[in-house]
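Enquirer: no sequence for this one, just the structure:
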């Protein structure tokens, strides 16, 4: 009988550690919405990261306040040896959740910035290329624009040539952009050209 009770407890704890179908749908929904944040942020040059940090800290504060009693209750029941691990995992959870929610909250700002910039005229600028990554899942161009380092997730075959030769100084990134809000700029098009 004791063995049956232990098996039931183990099965119950395994079930409680699994995500329900509803939780999977909620997680998928968050990831889809977050995708729109990333897509809109990727075309904003000199992104105002201070705004992201400000929103992230605000969300982090709210998340901690909402979840504090539950975390405190679980912490008090945790074994002494596991408490540092519990705290570390709780901090990581709070930071990740806050970052995702902050990104979702900034979607309206990003799209408003993009739409508002359409009233401005287009400008061209040649930017110094400072690095290139051509790994299939992370193709990126790093470049200097108006004093800041920016990156662009994109690919063109010339990137392989530049990376293999290491001759970044022989090429420039020619970008077309419009002025956005908060000293940001909206990327319209780009090309890599030889100097």
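Expert: Looks like it arrived, so ask away. Bear in mind the structure is a predicted one, so any value in this text is a computation, not a measurement. Residues are numbered from 1 along each chain as shown.
Enquirer: CA only for contacts and neighbour counts going forward, please
Expert: OK.
Enquirer: from residue 88, how far out is residue 186?
Expert: Taking Cα to Cα, to the nearest Å as the measure, residue 186 and residue 88 are separated by 38 Å.
Enquirer: which is the next helix or strand following the least confident helix or strand in the chain by mean pLDDT?
Expert: When the helices and strands of the chain are scored by mean pLDDT, DSSP states H and E, helix 2-17 comes last with a mean of 47. As assigned by DSSP states H and E, the chain's next helix or strand after helix 2-17 is helix 21-42.
Enquirer: other SSEs contacting that following helix?
Expert: helix 83-105, helix 107-117 (3 or more Cα pairs under 8 Å, 6 or more residues apart in numbering; DSSP states H and E).
Enquirer: quick check: buried residues in the longest one?
Expert: Buried residues in helix 83-105, counting neighbours by 16 or more other Cα atoms under 10 Å, are found at 86, 94-95, 97-105.
Enquirer: for stretch 120-132, same thing?
Expert: So for stretch 120-132, counting by 16+ other Cα under 10 Å, buried means 126-132.
Enquirer: format these as a markdown table; extra columns: secondary structure and pLDDT.
Expert: Below are these laid out as a markdown table (DSSP: H, G, I helix; E, B strand; the rest coil; pLDDT from 0 to 100):
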| residue | secondary structure | pLDDT |
| --- | --- | --- |
| 126 | strand | 95 |
| 127 | strand | 94 |
| 128 | strand | 93 |
| 129 | strand | 91 |
| 130 | strand | 90 |
| 131 | strand | 87 |
| 132 | strand | 88 |
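Enquirer: which among the residues you listed gets closest to residue 35?
Expert: residue 132 (23.3 Å; Cα to Cα).
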